[in-house]
Every structure is written in structure tokens, then in C-alpha cells.
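1. Got a predicted structure here, sequence first:
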Amino acid sequence: MKRILEKASLLALSTMLVSTFAVSPAIPQMIDHFAREGIAASQVENLITVTSFAIMAALLMNGLIVRFISERNIIILGLLLLAIGGSMPMFLSAFPMIFLARILLGLGIGLINARAINIIGNFFTGQERVQMMGLRGSAEVLGSAGLTLLVGWLTQFGWQPAFVVYLFALVVLALFLLFVPQEEFVAHSELKNDSGSKVKLDKKMWQMGIYLAFLAFFVINVNTFLTIRIPQIVLDKGIGTAQQASLILSLMQIMGIVAGTVFSSLVGRLKDWLLAVSYVIFGLAVIGIAFADNLWVLGLGGMVSGFFYSIVLTIVFSQVTDRATKALLNTVMTIVLMGCNIGGATSAILPTFLEKLNPTPTGAFGIYAIGCSLISAGLIYQQIKK
């Protein structure tokens, strides 16, 4: 029972990693509120995106922070900043204070981001590690979906009560303190991280980090683009309603949870071929969504893309924990997570540029599909070469 609680506590850390966008359902009410103060809608929307930049800043400061604070205390500090910064708008309605709160939230997420993943690699080995990495991905999606659903319900009481969801970080903190013993944490985690030692990334580790960061960047950028574009496709083609579009997006998240639970089984069956197969099917799903002329095809494409998006990300993080030494794990993971955050941050900008390059009905979809094909071909070639 103790081991189960420890696993649950470690997985709980991942439930808050993508909570940045959890309060998105409250944005319309916030826009109406701040419009009366002369603040533009774009500035209100920036309250969501500024958190992503704070996350990246925290990731970049990781090397400096670990010189002064232990890994365990960094996680504790991150959860406290997440809870405080996330919930501040409950009590403060001044725009500058909310802006500051969102930065604190991002710093908190950035502090625990890499560690919530690395800790799986440090605490577990073999098949148990593979299983936990899959469950970690499910926990991340489940946390995002659950918090977003709760925010949607809370908005009936106003936009400020919606920010109470970030106090869930205190529950995660309590679980971490109660069921992850300090002695065991110290024994399993790296006592000296790469910045506190003279160990530096060699050329091979740099190449691996950038390679995995690119794979994560691309799949996140495409998936976020699909999430933004699917509601528009449903309405523009007249094949459904806004509610049905929301259902498809929900099913995409559910498929992410399913992907995490079956990840270990898929690795056992396909082994090193899983990444190549996942990218091939993900690319086919992108094409299916682009040419979908009815809700069923669009929904199927969305569900397939959501499933294999989660599989690709889980493989990427698993490869980092498997191939990087403990002394270099934080640095390599930071490189990969920078790719993840850049992928999400550019998901609204890059497609606009791609649509100018490909001014056809397929637009960005066509270039993304070609990108998936090229990446798939490269991955298949690597496997054949082995």
C-alpha cells in the first residue's frame, strides 16, 4: 500500500504541468470585465501566454537554482509558487497583479516540469519505469482535462472563483511530503546535478537532446494547431455545432489518457518501431482531419491524433530518462522541454506563416502532413539501418 501511495504521489506532480490553459473557459468573462477598465482583449489573452514564457525562464534558470536548493526543496518551492501564483486572482482583480500572478504560476510550473518527469527515471527501472512513464502521461492529460472541466463549472460564479483550481497544487504538495520519504528521494535523485558538477554535455548528448526536442516541438505544435483549428473546421464546413466540436476536443484528451495506460503494452509489442509507427499514423490523422467532410471522419481523425500525440511525447521523455546519465538528466530534459514549450508558444504563429507558403485549400495541414512524412521516413530509415 505504501508503494502504491508513493507512486500515486509522484504521478500527481504531473497533473499540474499543463494547468496553464486550465482557466481558458474564464477568458470571455475576464475580457468583459477588463474592457470596462479600457484593457484590450489581446492583453487579457496575454495573461495565458505569459505563463509559457515564465516556464521557459524557470527552465533556463535551472542550472543556477540547483546550486543553492536541493531537488526535493525545488519541487516544494515550485508547488507553493504554483498554488500562490495560480490562486492570487481569486482575491486580486487589478490587471498588473494578475499579470504578476501568472508569472509566478509559470515559474512554479517550470521548477517542477522537468523533475516530475525525471523523478520517474530516478525512482524506477525496467518495465516498471516504462509503465510509470505511460501513466505519467495519462496523469498529465487527466489533470488538464479535470481542471479545465472544473473551471468551466466554476465560471457560473464569476471569473475569479475559477482560479481556485490552482489550490489543488497544495493537495499534490501534501501527497509529496507524506508519501515520498526524504531519505528515499535523496537516495534515488541525483545528489549533484549537471550544473553542480563538472560533467558537461558532449556532442552526442547535445545531438540527442536537440533531436528529441525537435520531435516534441513538432508533434506539440501540430496537435495544438489541430486543437485550435478543429472547432473552425466544424463550423466553416457546416458539419456540426460548437458543442460537437468541444466533444471532439474532449475525446482527443480522453485518448491521451488511454494512450498512457496502454503505452507499456505497445512498447512490448513494437519496441523501437513504436515511434516511427506513431508518427506515420499521426501524419495520416492530420490528413484525415484536413479533408474530413463529415463529423464522424473528423472525430475519428481527432481521436487518432490525440492518441498518437501522447504516445510520441511519452516515447520522447522515456528516451531521455533511458539514455541520459543521472548527472546530465536535468540538462537534457531541459533542452527537450524547451522544444515542447516553443512548440506550444508558436502554435498560433507558425501555421499562419505556413499558410502563406502553401496558399491552397490544405494550407498548413499540407505542410504539416509533409513534415510528418519526412520525419516518419527518417525514423523508418533509422530502424532499417539498425
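-> Yes, it's here. Residues are numbered from 1 along each chain as shown.
2. Look up how far residue 153 lies from the residue nearest the centre of the chain.
-> Centrality entry for the chain: nearest residue to the mean C-alpha point is residue 18, 5.1 Å, by Cα atoms, centre = their mean. Separation of residue 18 from residue 153 (Cβ to Cβ, to the nearest Å): 19 Å. Using the backbone N, CA and C atoms, a C-beta is placed for each residue, glycine as well.
3. go on, residue 88?
-> Relative to residue 153, residue 88 is positioned 21 Å away (criterion: Cβ to Cβ).
4. Look at those two and report which has more neighbours.
-> Neighbour totals were compared for residue 88 and residue 153, and residue 88 leads with 18 against 12 (other Cβ atoms under 10 Å).
5. That one and residue 97 touch, don't they?
-> Yes: judged on Cβ atoms under 8 Å, residue 88 makes contact with residue 97 at a distance of 6.8 Å.
6. Below-threshold pLDDT in the chain: ranges please.
-> Scanning the chain for pLDDT under 70 picks out 183-199, 242, 361-362.
7. quick one, longest helix in it?
-> helix 203-236 (DSSP state H).
8. what comes up buried for that one?
-> 205, 208-213, 215-227, 229-231, 233-234 (16 or more other Cβ atoms under 10 Å).
9. Quick check: next helix or strand after it?
-> Sequence-wise, the next helix or strand downstream of helix 203-236 (DSSP states H and E) is helix 242-270.
10. Buried residues, that following helix. List them.
-> Under 16+ other Cβ under 10 Å, the buried positions of helix 242-270 are 245, 247-249, 251-257, 259-260, 263-264, 266-267.
11. Same check on stretch 64-75?
-> The neighbour-count check on stretch 64-75 (16+ other Cβ under 10 Å) flags 65, 66, 71, 72, 74, 75 as buried.
12. Repeat that for stretch 373-386.
-> Buried-residue list, stretch 373-386, by 16+ other Cβ under 10 Å: 373, 375, 376, 379, 380.
13. same deal with stretch 50-58?
-> 50, 51, 52, 53, 54, 55, 56, 58.
14. Return the distance of it from the chain's centre.
-> 13 Å (Cα atoms, centre = their mean, to the nearest Å).
15. End to end on stretch 83-98, go ahead and measure it.
-> Chord length of stretch 83-98, first to last residue, is 14 Å (Cα to Cα, to the nearest Å).
16. what does that stretch contact?
-> Contacts to stretch 83-98, defined as Cβ atoms under 8 Å, 6 or more residues apart in numbering, come from residues 19, 33-34, 37, 39, 43, 47, 100-108, 160-161, 163-167, 169-170, 173.
17. State whether residue 56 and residue 339 are indeed in contact, as I suppose.
-> No: applying Cβ under 8 Å, one finds residue 56 not in contact with residue 339, separated by 10.6 Å.
18. any idea how far stretch 135-154 is from the chain center?
-> On Cα atoms, centre = their mean, the centre of stretch 135-154 falls 12 Å from that of its chain.
19. and what of stretch 269-279?
-> Using Cα atoms, centre = their mean, the offset of stretch 269-279 from its chain centre is 21 Å.
20. And it, end to end?
-> One end of stretch 269-279 to the other measures 17 Å (Cα to Cα).
21. all helices for the stretch 1-150 of the chain, in order.
-> 2-12, 27-35, 41-60, 62-65, 71-87, 95-123, 126-154 (DSSP state H, counting those that start in this stretch).
22. Who are the packing partners of the second one?
-> For helix 27-35, the packing partners by 3 or more Cβ pairs under 8 Å, 6 or more residues apart in numbering; DSSP states H and E come out as helix 41-60.
23. neighbouring contacts of the helix it packs on?
-> 20-21, 23-24, 27, 30-31, 34-35, 95, 98-99, 102-111, 113-114, 334, 337-338, 341-342, 344-345.
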